[in-house]
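> have a look at this prediction, sequence included:
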Amino acid sequence: MLNLIIKEPNGTYEVINVKENMVIEPKAGQQFYFDNYSASGYKFNLLDGDKSIQLVINIDPPVKIVFKNMVDLILNQNGEKTVLSMIDDPEGIYDLQSTVMNTNFKGDDVINSLKELLATSSITSLDKNGIVIDDFGSLTSALEAAAAGGAEGDTSTFRPISFVETDSVDALSGRTRLNTEIDTTTPSVQDNNSLDTIVNITLSATAQITEDDNVIIYTATLSTPALTDMTIVLSNDLTITIPAGERVGSVSYEVIPDSDVYAEPDQVIDVSVVDTIGGGFDIVNSDTSASTTIVDSIDTVKVLLDATAQITEDDTTITYSATLDYPSKGEMKITLDNGVVITIKDGEKTGSADYTVTPDSDVYKEVDTTIIATISETTGGGFENIDKTATTSTKVVDTIDTVKVILEATTSTSEDGGSITYTAKLVDADGKPVVAKEAVVVTL
């Protein structure tokens, strides 16, 4: 376990358990102390044009911590010092508690006291309990030691930090500043050359859109924060940028809406990661993909129903027609409630059919009647949804048939007087008798 103690200029502090790569942006006067109780190997590097410090710690798994633009803060001697320190053993931790954690120490007293304690070992004058980087000399010495593979620079007041610390810790039992029991077993330490940082990329996308939508959001998530800005290239040529210190980035993909009225199967868009640039990782596992399903949006097609507007009671046919908003995909049949079936051919919008009616011509005066037709069923057409609420009507009007009145009279009478009887008969145009539906008065 590796803990990082961050002390603020106002004296407050917090402890962070370091488990993964980190990018920290220090502020002037902040102090960073690593509790390297397990004696893990570590080294320092410069990044970003010698402006940032990278600390590589050989724990399982290895961790890289980048302090952005910390070099200038350390070199700036105006105001409170910015400090980076590694405490390598229990005695050094004791020294840290008695100085940094001691509220009686103010300002640079903390740093100077800690440096003196860490530089003096209870075992041997050649051994030290940790390092403090707080000025040009200590920073230069640390970097020179790293470049030399472990040689200590002339201005150094601390143990070299660029090598894997494999020395036995048996001698710790002789230290006098600790009243605690010391574990004298030799730690298992990896070779510094194996300090590979591994990151896994997980790609996700908007799970589902409709054919009316125009954006898919792609998101890349790292298993550990990026040490430097990282670019992730997708198979659709989009790129996702994840800033240093962040784990998540996203990008919007503009799609062309393809809304129509025809029923279609869902479409799946698959995208994968094809390349990565930057990030500061040694090994990048980018075998990841994401899919988006484009589902049909439900658009309604209207059917306009029409019919012969008017017939007489002598007519025998009503013609019905149906018209669509859009051409039919495949043959479409529209069945009316009177049993008439209208067929619309593939690629066409209109179809018609005749309905046979029985003539009902007579000589009697009647009011006009109306025949109403509705849609009862549709099949085919390939549409997502059909509005079947259309109706149409045909008016049946009375034909004007003439009834003749035939008069008959007594054929003869005497000149001495008598009566003449007149008889009126009703007949149609064919001379067939007609029965009156109400009283008929014939005035001569």
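Alright, I've got the coordinates. Residues are numbered from 1 along each chain as shown.

> for the rest of this, base every contact and every neighbour count on C-alpha atoms.
Noted.

> list the strands paired with the host helix or strand of Val396, with their directions.
Using DSSP states H and E, Val396 sits within strand 391-397. Paired neighbours of strand 391-397 in the sheet (DSSP bridges): strand 310-312 (parallel), strand 369-380 (antiparallel).

> and the helices in the protein?
Secondary structure of the chain (DSSP state H): helices at 70-75, 90-99, 108-119, 136-147.

> these: lowest mean pLDDT?
Among the helices of the chain, helix 108-119 carries the lowest mean pLDDT, a mean of 58.

> and Gly347, how many neighbours?
Look at Gly347: counted by other CA atoms under 10 Å, it has 14 neighbours.

> phi first, then psi, for it.
phi 80, psi 0 (degrees, to the nearest 10).

> right, and it touches Pro327 too?
Yes. The criterion here is CA atoms under 8 Å, and Gly347 meets it with Pro327 at 5.0 Å.

> contacts only, for the closest residue to Glu246 other than its chain neighbours.
Once flanking residues are discounted, Glu246 sits nearest to Pro225: 5.0 Å by CA to CA, 6 or more residues apart in numbering. By CA atoms under 8 Å, 6 or more residues apart in numbering, Pro225 lies in contact with Glu20, Asn21, Met22, Val23, Ala244, Gly245, Glu246, Arg247.

> sorry, back to before: so which of the strands paired with strand 391-397 gets nearest Lys432?
Nearest to Lys432 among the strands paired with strand 391-397 is strand 310-312 (22.1 Å), distances taken as CA to CA.

> before we move on, the earlier item: and which of the contacts of Pro225 is nearest to Ile277?
Distance to Ile277, by CA to CA, is smallest for Ala244 among the contacts of Pro225, at 12.4 Å.

> mind listing what that closest one touches?
Ala244 makes contact with Val23, Pro225, Ala226, Leu227, Thr228, Asp229, Met230, Gly279, according to CA under 8 Å, 6+ apart.

> so what's Ile201 closest to, chain neighbours aside?
Spatial nearest neighbour of Ile201, chain neighbours left out: Leu222 (4.8 Å); criterion: CA to CA, 6+ apart.

> try Pro243
Of all residues not flanking Pro243 in the chain, Asp229 sits nearest, at 4.4 Å (CA to CA, 6+ apart).

> burial count for the one you found?
A count of nearby residues for Asp229, using other CA under 10 Å, gives 16.

> contacting residues for Asp275?
Going by CA under 8 Å, 6+ apart, Asp275 touches Ile232, Val233, Leu234, Ser286.

> out of the residues you listed, which is nearest to Ala390?
Distance to Ala390, by CA to CA, is smallest for Leu234 among the contacts of Asp275, at 50.0 Å.

> ok, that closest one touching Val273?
Yes. Between Leu234 and Val273 there is a contact under CA under 8 Å: 4.5 Å.

> neighbour count winner among the two?
Neighbour count, other CA under 10 Å: between Leu234 and Val273, Val273 has more, with 24 against 18.

> residue contacts, that one?
By CA under 8 Å, 6+ apart, the residues touching Val273 are Leu203, Ile232, Val233, Leu234, Ser235, Ser286, Asp287, Thr288, Ser289.

> thank you, goodbye.
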